[in-house]
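> return atomic coordinates for the entry below.
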Amino acid sequence: MSLVRRTAFFAVLCTALAVFAIALVAALPGARAWATTTPGGVSARSAEPSYATAPTAATSSALLSGGRALAPLDAPPAVRKVIAAANRIRTKPYIWGGGHGRWWDQGYDCSGAVSYALHGGELIDSPMPSGPMESWGRPGPGRWITVYANAGHAFAVIAGLRWDTSGNASGTGPRWHPDMASSRGFVVRHPEGY
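Below you'll find the model as predicted:
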């Protein structure tokens, strides 16, 4: 093996091991205190609020790097697709009604952004306003994806990261957030099986 190929192999191997180590540490019970958002750094999520009907199994958390979500290694293919779809629009601006007339749009509102992500995982066929999301899917939190909806707003928690159009210090629009927003006044739903 040539020196160039050997160097490239070790660089790829080191990168893969670093990503695996970050995912492993973020999944540890004490990771919440360790995994905080740092400028330019990698962060994990904070815990979702407690519910009377908790998800049936624990999941790994996605990681946040440079505003992009990195799917957990054990995430099902549909969840990986939802995360990839959300990443495609993560820098778009907030536009009221955006994402409802067509999938690819200049910007997205809250339910348009959630719809786009869910459509990426083939979990919905057409965009939904926040009101109909209140009765979509199954009741309660999901193992991988939880949608929070009311008549005026919708957001989702996907593999432990909040996908929302509000709550960003640099402006509004579809963005990933490591912290959970208040779920008071929201109906909690999830796609069946996730």
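> and the lowest mean pLDDT element among the helices and strands of the chain?
Least confident helix or strand, the chain: strand 42-43 with a mean of 34, by mean pLDDT, DSSP states H and E.
> which element follows that one toward the C-terminus?
Counting by DSSP states H and E, the element after strand 42-43 in chain order, helix or strand, is strand 63-65.
> may I see the buried residues of that next one?
The neighbour-count check on strand 63-65 (16 or more other Cβ atoms under 10 Å) flags 63, 64 as buried. Just so you know, the C-beta spots here come from the backbone N, C-alpha and C atoms, and that holds for glycine as well.
> show the average pLDDT along it.
For strand 63-65, mean pLDDT rounds to 94.
> same thing with stretch 180-191?
Stretch 180-191 comes out at a mean pLDDT of 96.
> mind listing the helices for the protein?
Counting by DSSP state H, the chain has helices at residues 3-27, 31-34, 77-88, 110-120, 130-133.
> quickly, which of those helices bottoms out on average pLDDT?
helix 31-34 (a mean of 37).
> any idea how far residue 109 is from residue 154?
Separation of residue 154 from residue 109 (Cβ to Cβ, to the nearest Å): 9 Å.
> do residue 115 as well
Distance from residue 115 to residue 109, by Cβ to Cβ: 10 Å.
> which one of these two has more residues nearby?
residue 115 (29 against 25; other Cβ atoms under 10 Å).
> shouldn't the more buried one be in contact with residue 121?
No: counting by Cβ atoms under 8 Å, residue 115 does not reach residue 121; the two are 11.2 Å apart.
> what sits against residue 176?
64, 67, 68, 69, 86, 90, 161, 162, 163 (Cβ atoms under 8 Å, 6 or more residues apart in numbering).
> residue 123 - nearest residue in space that isn't next to it in sequence?
Here the nearest residue to residue 123 in space, its sequence neighbours aside, is residue 191; by Cβ to Cβ, 6 or more residues apart in numbering that works out to 4.7 Å.
> from residue 119, how far off is that neighbour?
Taking Cβ to Cβ, one finds residue 191 at 12 Å from residue 119.
> one more: residue 92?
15 Å.
> same deal with residue 68?
19 Å.
> again with residue 164
17 Å.
> higher neighbour count, those two?
Each of residue 164 and residue 119 has its neighbours counted (other Cβ under 10 Å); residue 164 has more, 25 against 19.
> name the surrounding residues that touch stretch 119-133.
78-82, 84-86, 88, 99-100, 103, 110-112, 114-116, 118, 136, 145, 147, 149-154, 187, 189, 191, 194.
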